[in-house]
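> any chance you could fold what I've pasted below:
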Amino acid sequence: MKPCRSKKNRLTFIVVLMATLWHYTIPEAYSQDNQSSGTGHFRGNISVTNNGLSLIPAFSLNRPAAIFELSLGGERLSFDPEMRFALDGQPWSFIFWWRYKIIKSEKFRLHVGAHPAFIFENKLVANGNGTMVQSMEAKRFFAGEISPRYALNEKVTVSFLYLAGRSLGKVPFALNQFVATGVQFNRVSLSEKLFFNASPQLFYLKMNEKDGYFASSSIVIGKKDFPISLGSIISKKIVSEIEVDNWIWNVSLIYSFNNEFVKRSNPML
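The predicted structure follows:
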């Protein structure tokens with residue numbers, strides 16, 4: 001019972017720490033970013049999937065998971081945490097993105113971002129009695145990204161993403177580089193009530209001395225003015241030295257919300 005209690009204590013500590021960071025850092029950033037515009041947002045997706053997949057295939061969970069993707073901020077600066085758990089409650093990965101939109105026009109957008117990340121793994125370690133017991137280990141990373149996007153029209157956008165990250169702490173050094181180019185099809189009508197989004201892309205991944213080329217696509221089918229949709233991700237290894245499955249895929253049930261706020265100098269009570 002002790003390992004279980006220890007796991008719950010670690011999870012409680014992480015959740016409390018995240019809530020504290022949210023409480024003390026977000027209002028300040030929101031206030032600074034919105035002094036001129038006076039607007040902000042709180043939006044996100046909450047999904048349950050049969051197979052937890054990651055942007056970097058080697059970091060996938062490969063079992064059922066719940067994923068929380070949130071965004072809170074203003075017109076340019078936002079805090080975009082991504083929190084992922086196995087369905088038994090065990091943490092999978094926490095990614096605390098800060099993103100800033102350098103250019104934001106009708107056709108062209110450019111943003112940069114950075115984050116600390118924690119990836120959790122269970123490992124067998126020897127206790128004081130020489131018995132092997134299961135223990136949770138958190139691997140720490142820091143990464144940054146740059147991403148330009150160009151809208152061909154209101155439904156089609158082409159994008160490029162470069163992401164680089166490195167390991168932190170007393171673990172074997174890891175340097176990951178991710179380069180992707182793709183097309184996003186947004187809210188394409190299937191009927192008067194149904195639409196779909198699709199994001200096919202090609203990407204190159206380098207993890208230390210190994211690298212590979214992959215193709216992937218995410219698809220979402222939803223009903224207009226309804227918060228629940230059905231999604232799927234499919235990824236195919238083209239040529240790779242990195243040891244991952246040839247095909248990986250999942251199906252997800254997604255709940256989405258999008259709230260906008262206006263900051264008033266004399267709020268009404």
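> now do the contacts for residue 125.
Shown in contact with residue 125 (C-beta atoms under 8 Å, 6 or more residues apart in numbering): 132, 133, 135. Where you see a C-beta, it was placed from the backbone N, CA and C, and this is true even at glycine.
> among the residues you listed, who's most crowded?
Highest neighbour count within these: residue 135, with 15 neighbours (other C-beta atoms under 10 Å).
> for that residue, which non-adjacent residue is spatially closest?
Computed as C-beta to C-beta, 6 or more residues apart in numbering, the closest residue to residue 135 that is not its neighbour in sequence is residue 125, at 4.8 Å.
> ok, now residue 239?
Distances taken as C-beta to C-beta, 6+ apart put residue 213 closest to residue 239, at 5.1 Å, once the chain neighbours are dropped.
> got a list of what that neighbour touches?
The neighbourhood of residue 213, defined by C-beta under 8 Å, 6+ apart, consists of 202, 203, 204, 205, 238, 239, 240.
> and the gap between it and residue 193?
Applying C-beta to C-beta, to the nearest Å, the value for residue 213 to residue 193 is 38 Å.
> among the contacts of residue 125, which lie within strands?
Judged by DSSP state E, strands contain the following of the contacts of residue 125: 132, 133, 135.
> surely the second one and residue 127 touch.
Yes - taking contact to mean C-beta atoms under 8 Å, the distance of 5.1 Å between residue 133 and residue 127 places them in contact.
> residue 118 contacts residue 84, doesn't it?
No - the pair residue 118 / residue 84 is not scored as a contact, 10.3 Å apart, by C-beta under 8 Å.
> who's in contact with stretch 151-170?
55, 106-109, 116-117, 139-150, 173-188, 201.
> before we move on, the earlier item: just the CA trace of the helix or strand the residue nearest to residue 135 falls within, in PDB.
Element membership for residue 125, per DSSP states H and E: strand 108-126. C-alpha atoms of strand 108-126 as PDB (Å, rounded to 0.1, in the frame of the first residue of the first chain):
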ATOM      1  CA  PHE A 108      -0.200  35.500 -41.800                       C
ATOM      2  CA  ARG A 109       0.600  34.500 -38.200                       C
ATOM      3  CA  LEU A 110       3.900  33.800 -36.500                       C
ATOM      4  CA  HIS A 111       4.200  32.700 -32.900                       C
ATOM      5  CA  VAL A 112       7.000  31.500 -30.600                       C
ATOM      6  CA  GLY A 113       6.700  29.400 -27.500                       C
ATOM      7  CA  ALA A 114       8.600  27.700 -24.700                       C
ATOM      8  CA  HIS A 115       7.700  25.200 -22.000                       C
ATOM      9  CA  PRO A 116       9.000  23.000 -19.200                       C
ATOM     10  CA  ALA A 117       7.600  19.500 -19.400                       C
ATOM     11  CA  PHE A 118       7.400  16.400 -17.200                       C
ATOM     12  CA  ILE A 119       7.000  12.900 -18.600                       C
ATOM     13  CA  PHE A 120       6.200  10.200 -16.000                       C
ATOM     14  CA  GLU A 121       7.300   6.600 -16.200                       C
ATOM     15  CA  ASN A 122       7.000   3.600 -13.900                       C
ATOM     16  CA  LYS A 123      10.200   1.700 -13.200                       C
ATOM     17  CA  LEU A 124      11.200  -1.200 -11.100                       C
ATOM     18  CA  VAL A 125      13.700  -0.200  -8.400                       C
ATOM     19  CA  ALA A 126      15.200  -2.100  -5.400                       C
END
